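Q: sequence and predicted model, in that order:
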Amino acid sequence: MDTASSPADTSVWAAGDASFRRATLPAREPLPVLGDHAAAEVPTFVGPSRGRRRRGSQRGRIARFWARIGVGRRILLSYAGLAGLIVVVTAVGAALQPTYGSLTPWQGIRVDDLRSSPAESSWAVDLASTLAPGSPPECLRFTAVDVGQDLAAVRADSAWTYGFSEDSLCSVVPEGFRSRVALLDTATGAVRWVHDFSTDIETTSGVSVSWMSTVDHASRLLVRAGTSSQSIVESLSLGTGQVLESTGSQHWSQDDRFTAEGNVVATGVLSADNLTYVYELRDADDLGTIVWRGTGNETATMIALHDRLLLGDRGTLQIPLATGAASPWGGPVDTSLGYAVHGDTVFAPHTSGVGVTATPATGFSAVDRTGHVLWTSP
């Protein structure tokens, strides 16, 4: 065909660029004939597997059964399934729950929670009924002091006060529930004795124990107890729990202070005019006798060492228990500016100036109980 004489040459394309003219396409090639190998490579579509068809059939049967039964039967079957699940969970939990001897644990509080089944040599003790009868066990925690020879002095404290329980009933417990101290044999679980300090103070308000420590190489127990207006310090026999020494009932307020170490017993009582403190030193062997008495301010530090009292007030005084004679404590430190004690060694910052003009300086010193400087840091 001659393109020059074709009518298509007289169309609008004839007036344009030759690149827009119609081109002749090459002839189509015939499609190849697929052999057996090529045919095998052609993808095929398959339906769901036999397992899927079986599961779908089962779901269909369950759906049809569920649709045929009434609403009442559906509810009954749902409750039956839930009850069966609860039985299974309860059975598994009961099988895994350890036993706790003759006492039934109340959420792991009433007894010593061993987290495993006790052996024949294990023991359990009901501290709640021993130390604070009538108090909810969940409202109690217990403080123990090791007195040696597998013995421990134990007292009850309020879990509500210390933030261990959020139960609102713990804010109101029987008055005086902290008045007892028990000596517990940690090898056998036997309670050797129980002493109730409410019998030692003539008061109608609740008595609470606030201090326990050992004296005379753990042969006696020093205990301080009191109310909001009275206090008493007593020395008890570890063998019987009987009172060996006592200060007797004394006036006390929440601003008063107390510390002890070995036989050294010190108190600080706010004066009637609320301006100064009256400090007293006593010997645990004779609590009725005042070894030394002096005055100081409310910020004075009271450090009880095994044989003397250090009173940091406008400089640090030392009062030996044997003499009761106060004298300046040596060393370039002032315990009223902060301190730490390890054994009978006191660590305190250096000071510059004396008395009321004393101010912190750089460095620290370690000073023994007599005031001798053991070492000094730059």
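A: Done, it's in.

Q: E202 touches S249, doesn't it?
A: Yes - contact criterion Cβ atoms under 8 Å: E202 and S249 qualify, at 6.6 Å. Using the backbone N, CA and C atoms, a C-beta is placed for each residue, glycine as well.

Q: which of these two has more neighbours?
A: Between E202 and S249, S249 has the larger neighbour count (other Cβ atoms under 10 Å), namely 16 against 8.

Q: which residues touch that one?
A: Applying Cβ atoms under 8 Å, 6 or more residues apart in numbering, one finds that S249 lies in contact with 200-203, 230-232.

Q: which of these has the weakest pLDDT?
A: Checked by pLDDT, these have T203 as the lowest-scoring entry (78).

Q: burial check on the residue lying closest to it once chain neighbours are set aside, number of neighbours?
A: In space, and not counting its chain neighbours, T203 is closest to T227: 5.2 Å by Cβ to Cβ, 6 or more residues apart in numbering. By other Cβ under 10 Å, 20 other residues sit near T227.

Q: quickly note the distance from T227 to F364.
A: Distance of T227 to F364, given as Cβ to Cβ, to the nearest Å: 41 Å.

Q: do the same with T240
A: From T240 to F364 the distance is 46 Å (Cβ to Cβ).

Q: neighbour count: the two, which is higher?
A: Shown here are T240 and F364; by other Cβ under 10 Å, F364 has more neighbours (18 against 12).

Q: pLDDT averaged over the helix or strand that contains that one, what's the number?
A: Using DSSP states H and E, F364 sits in strand 359-367. On average, the pLDDT along strand 359-367 is 79.

Q: buried stuff in it?
A: Judged by neighbour count (16 or more other Cβ atoms under 10 Å), strand 359-367 contains these buried residues: 364-367.

Q: next secondary structure after that strand?
A: Strand 359-367 is succeeded, C-terminally, by strand 373-376 (DSSP H and E).

Q: what's the nearest residue to L311 if we skip its chain neighbours?
A: L317 (4.7 Å).

Q: so what's T370 up against?
A: By Cβ under 8 Å, 6+ apart, the residues touching T370 are 318, 330.

Q: state the pLDDT value of it.
A: So T370 comes in at 87 (pLDDT).

Q: all numbers from here: first residue = 157
A: Right, with 157 as the first residue, what we last looked at is T526.

Q: list phi and psi for it.
A: phi -90, psi -10 (degrees, to the nearest 10).

Q: relative to T501, how far out is it?
A: 11 Å.

Q: ok, D439 next?
A: As judged by Cβ to Cβ, D439 and T501 stand 23 Å apart.

Q: if we can go back for a sec, what is the neighbour count of the residue nearest to L467?
A: L473, neighbours per other Cβ under 10 Å, totals 21.

Q: ok, T532 next?
A: With other Cβ under 10 Å as criterion, T532 counts 14.

Q: that one contacts V523, correct?
A: No - counting by Cβ under 8 Å, T532 does not reach V523; the two are 9.5 Å apart.

Q: so D302 is in which element?
A: Using DSSP H and E, the element containing D302 is strand 296-304.
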